[in-house]
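*Asks:* Compute the structure for the input listed below.
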Amino acid sequence: MPRRIVALVFVLALAVGAAGCGKDEDPAQAWANGFCSSLTTWSTSVKSSIDPITAGNLSSDAVNGAVDDVKSATDKLTSDLKALGAPNTDSGEKAQQQVTDLADQLTTAEDTLSKAFEGANGTGGMLAAAGVALSTLGTAVTQMKATLDDLEQSTTDSSDELRKAFATSDECKPVRDQLDKLPGAN
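*Replies:* Numbering: from 1, shown residues only. Purely as a prediction, here's the structure:
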């Protein structure tokens, strides 16, 4: 009897292991999912950080907190984007370069945002800095959408792997809607 139980456990373990085989995510799909989920996470974080400001709370503490939160979210996004590396496709190196360029653009936007609020005092100073921040945010979102468009089209990918990965990615479907919810994005 114990032998039968051991054999049954072994067969069940093999069956469970075999059931998991073949379900590995395609590398191009995993890359597209990683890119899109990073953008979605960033946009959700930024929106929740700036909602109090867009609702009219221009207190110094609220603004500084929002700026710090946006900077942290942007740092995480640039780190996540750079960590993606190149997808294993014909156009992998080009895709990686596009994502690296986007990360660099976001770092520049983050610097612009920081400088806008340095020394901003009083309502007038905060409003002026908020105008710069909205413009900078709008530019960043435009850059994200342009990179997403380029990656989705991937015309240099002769195998269409990357293009198909973006077209079928559940992670990529909500990205544009998420980005469009940000102030200055339209």
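
*Asks:* How much space separates the most centrally placed residue in the chain from residue 117?
*Replies:* In the chain, the C-alpha nearest the mean C-alpha coordinate belongs to residue 39, at 1.8 Å (Cα atoms, centre = their mean). Using Cβ to Cβ, to the nearest Å, we find residue 39 at a distance of 24 Å from residue 117. Bear in mind the C-beta positions are built from the backbone N, C-alpha and C, glycine included.

*Asks:* so what's the residue nearest to the centre of the chain up against?
*Replies:* Residues near residue 39 by Cβ atoms under 8 Å, 6 or more residues apart in numbering: 77, 144, 148, 175, 178-179.

*Asks:* Same question for residue 33.
*Replies:* Neighbour list for residue 33: 25, 165, 169-172 [criterion: Cβ under 8 Å, 6+ apart].

*Asks:* which helix in this structure runs the most residues?
*Replies:* Across the chain, the longest stretch assigned as helix under DSSP state H is helix 122-153.

*Asks:* Mind giving me the packing neighbours of it?
*Replies:* helix 27-54, helix 60-83, helix 92-117, helix 161-168, helix 175-180 (3 or more Cβ pairs under 8 Å, 6 or more residues apart in numbering; DSSP states H and E).

*Asks:* For the contacts of residue 33, which single residue is the most surrounded?
*Replies:* Each of those was scored for neighbours by other Cβ atoms under 10 Å, and residue 165 scores highest at 27 neighbours.

*Asks:* just checking, that one touches residue 25?
*Replies:* No: in this structure, residue 165 is not within contact of residue 25 by Cβ atoms under 8 Å, at 9.6 Å.

*Asks:* about what we covered before: and the residue nearest to the centre of the chain, how far is that from residue 30?
*Replies:* Distance from residue 39 to residue 30, by Cβ to Cβ: 15 Å.

*Asks:* for the chain, which spans come out with low pLDDT?
*Replies:* Within the chain, the set of residues satisfying pLDDT under 70 comprises 1-24, 155-159, 186.

*Asks:* Measure how buried residue 81 is and give me the count.
*Replies:* By other Cβ under 10 Å, the residues close to residue 81 number 24.

*Asks:* Sweet, I'm off.
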